[in-house]
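Peer 1: give the three-dimensional model of this entry:
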Amino acid sequence: MKLLGTNTSPYVRKVRLVLLEKQIPHEYIVDAPRDPGSLSARVNPLARVPALILDDDFCVFDSPVITDYVDTLNDTPILIPHDPFARLRVKRWEALADGIMDAAVIVQVERLRATEHQHPGVFKVHNRTISHALEYAAQALGENSWFEGAAISLADLSLVSALLYLDLRQPERDWRTAHPNLAIWFERVHARPSVQATLI
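Peer 2: A predicted model of the protein is given here:
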């Protein structure tokens with residue numbers, strides 16, 4: 001299978017982490033949908049990344065759909081629990097992380113506009129969303145090693161992807177000082193070979 005993506009996309013990183021943690025053979029292809037001749041623009045009707053092309057050329061798109069599918073391919077490890085309520089809890093964390101990413105992407109797009117065309121309200125609303133989500137995550141994590149259960153899950157992979165994107169796009173946001181328990185958790189997850197592989 002082939003994963004199409006860009007190195008700066010937090011949604012792509014999330015999918016890459018799932019594939020790497022589960023040690024599923026795949027080819028990662030950097031393919032920006034806006035580039036001329038983009039493969040992802042041809043195979044994904046939404047013209048977005050990530051896009052996962054299976055061996056029969058069937059294209060899977062949207063990161064939550066891809067993570068769901070990839071986790072069914074083997075049980076080492078199980079990143080989305082089979083128990084319905086445990087699954088719900090993990091997927092809820094993925095939704096929170098995706099919400100942080102969504103808000104950060106909107107802020108970044110607004111920053112790229114000419115100063116005279118920027119809307120302060122956009123920054124206020126979406127940065128507040130990020131701050132509230134981080135507060136919620138830090139409080140829920142407490143002193144636990146993982147966001148759900150006794151081992152790493154999609155919850156952790158989603159949230160580390162979101163925080164790496166904040167580090168990239170909002171380096172001025174001092175979330176480590178504001179949430180030291182998140183910083184401790186982040187450093188442990190950040191050291192994993194899967195995460196390090198996505199930084200190259």
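Peer 1: which SS class is the residue located most distally from the centre of the chain?
Peer 2: Going by CA atoms, centre = their mean, the residue of the chain most distant from its centre is residue 116, 31.3 Å out. Using DSSP: H, G, I helix; E, B strand; the rest coil, the structure places residue 116 in helix.
Peer 1: local confidence estimate at it?
Peer 2: Residue 116 carries a pLDDT value of 91.
Peer 1: now it: how far from residue 63?
Peer 2: Between residue 116 and residue 63 the distance is 34 Å, computed by CB to CB, to the nearest Å. The C-beta positions use only the backbone N, C-alpha and C, and glycine is treated the same way.
Peer 1: and residue 38, by the same measure?
Peer 2: 18 Å.
Peer 1: next one: the residue farthest from the centre of the chain from residue 124, what distance?
Peer 2: Applying CB to CB to residue 116 and residue 124 gives a distance of 18 Å.
Peer 1: give me the neighbour count for residue 147.
Peer 2: If you count neighbours by other CB atoms under 10 Å, residue 147 ends up with 25.
Peer 1: now it: closest residue in space, sequence neighbours ignored.
Peer 2: Counting by CB to CB, 6 or more residues apart in numbering, residue 155 is the residue found nearest to residue 147 once chain neighbours are left out, at 3.9 Å.
Peer 1: now do the buried residues in the host helix or strand of the one you found.
Peer 2: Using DSSP states H and E, residue 155 maps to helix 154-169. For helix 154-169, a neighbour-count test (16 or more other CB atoms under 10 Å) marks 154-166, 169 as buried.
Peer 1: try stretch 172-186
Peer 2: Buried residues in stretch 172-186, counted by 16+ other CB under 10 Å: 173, 175, 179, 182-183, 185-186.
Peer 1: how about the residues you listed in CSV, adding pLDDT?
Peer 2: Compiled in CSV, these are given as follows (pLDDT from 0 to 100):
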residue, pLDDT
173, 96
175, 98
179, 98
182, 98
183, 98
185, 98
186, 98
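Peer 1: tell me the one of those nearest residue 12?
Peer 2: Nearest to residue 12 among the buried residues of stretch 172-186: residue 186, at 19.1 Å, using CB to CB.
Peer 1: I'd guessed the closest one sits against residue 161; true?
Peer 2: No - Residue 186 is beyond contact range of residue 161, at 11.1 Å (criterion: CB atoms under 8 Å).
Peer 1: model confidence score at residue 200, please.
Peer 2: We have a pLDDT of 76 for residue 200.
Peer 1: any idea how far it is from residue 140?
Peer 2: Separation of residue 200 from residue 140 (CB to CB): 31 Å.
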